[in-house]
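J.: Got a predicted model here, sequence first, then my questions.
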Amino acid sequence: MSNYPVVGIVGMPGSGKTILSQKFVDKGWNSVYFGSVTLNELDKRKLEYNQQNEKSVREELRSKYGIDAYAKILMPQIESLSKAAPLVLDGLYSWSEYKYLKSKLNDQLTIIAVVTNSELRYSRLKNRIKRPLDLEEAVSRDYAEIENLEKGGPISIADYYIINNSNISELLKQFEIIMENLKNHITLT
């Protein structure tokens, strides 16, 4: 592996992970979207993108290949992209994925958790353009991710936290502070 840093963005649905990941990309970082594993599988099976199909595929893949399946599936891409530039991982989910990545990347891996209160997340999920979720779907997804996908572990052990209960401008201020901290603690060249 190279010396380029790998930053994993974690958080519950609607917390702002994708927006934050895009800010890293805007600064020249490569990106790997963990949700692409699910979407690619839905495409292969010619299934509609919806909450039920996505949940079914996520849980089936993890049941078949282990709770760290997504990290293992994406590891060749992670290794390749992190040799060329710093890398952001959008949507690292499970504790098992975290442990697998940490065993492979060691100190190269930094975790940033984006935390948002549930009412605000549910509003964002309802109003998002791609793959919106109503309240019942959002709550169901939260429960499934916490109970079946070990989502709490990576959030609780994060190196940095962003509280995203305001607006994008406030999120970006916190992002810039974290970027300064990263520059001081890891090599970004």
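T.: Looks like it came in fine. This one's a predicted model, so the numbers in the text were calculated from it and none came from an experiment. Numbering: from 1, shown residues only.
J.: The closest residue to Asp134 other than its chain neighbours and Glu145: what is the separation?
T.: What sits nearest to Asp134 in space, not counting adjacent residues and going by Cβ to Cβ, 6 or more residues apart in numbering, is Lys126, at 6.1 Å. The way it works is simple: take the backbone N, C-alpha and C, and place the C-beta from them, glycine included. Going from Lys126 to Glu145 by Cβ to Cβ, to the nearest Å gives 17 Å.
J.: between those two, who's got more neighbours?
T.: Neighbours per residue (other Cβ atoms under 10 Å) separate Lys126 from Glu145, with Glu145 holding more: 18 against 14.
J.: part of a strand, is that one?
T.: No. Using DSSP: H, G, I helix; E, B strand; the rest coil, the assignment for Glu145 is helix, not a strand.
J.: Can you get me a residue count around Tyr37?
T.: For the record, residue 37 is Val, not Tyr. Counted with other Cβ under 10 Å, residues neighbouring Val37 total 19.
J.: so which strand or helix has it?
T.: helix 35-44 (DSSP states H and E).
J.: Then Tyr70?
T.: Going by DSSP H and E, Tyr70 is in helix 69-84.
J.: Identify the residues contacting that helix?
T.: Applying Cβ atoms under 8 Å, 6 or more residues apart in numbering, the contact partners of helix 69-84 are 1-2, 4, 6, 30-32, 34, 37, 61-62, 65-66, 87, 89, 92-94, 96-98, 100-101, 104-105, 108.
J.: where's the residue located most distally from the centre of the chain relative to Ala71, distance?
T.: Outermost residue of the chain with respect to the C-alpha centroid, by Cα atoms, centre = their mean, is Lys46; its distance is 24.4 Å. Note on Lys46: its distance to Ala71, by Cβ to Cβ, is 26 Å.
J.: If I take the longest strand along the chain and helix 69-84, what angle do their directions form?
T.: In the chain, assigned by DSSP state E, the strand with the most residues is strand 109-115. With axes from the mean of the first three to the mean of the last three Cα atoms, to 10 degrees applied, the angle from strand 109-115 to helix 69-84 works out at 120 degrees.
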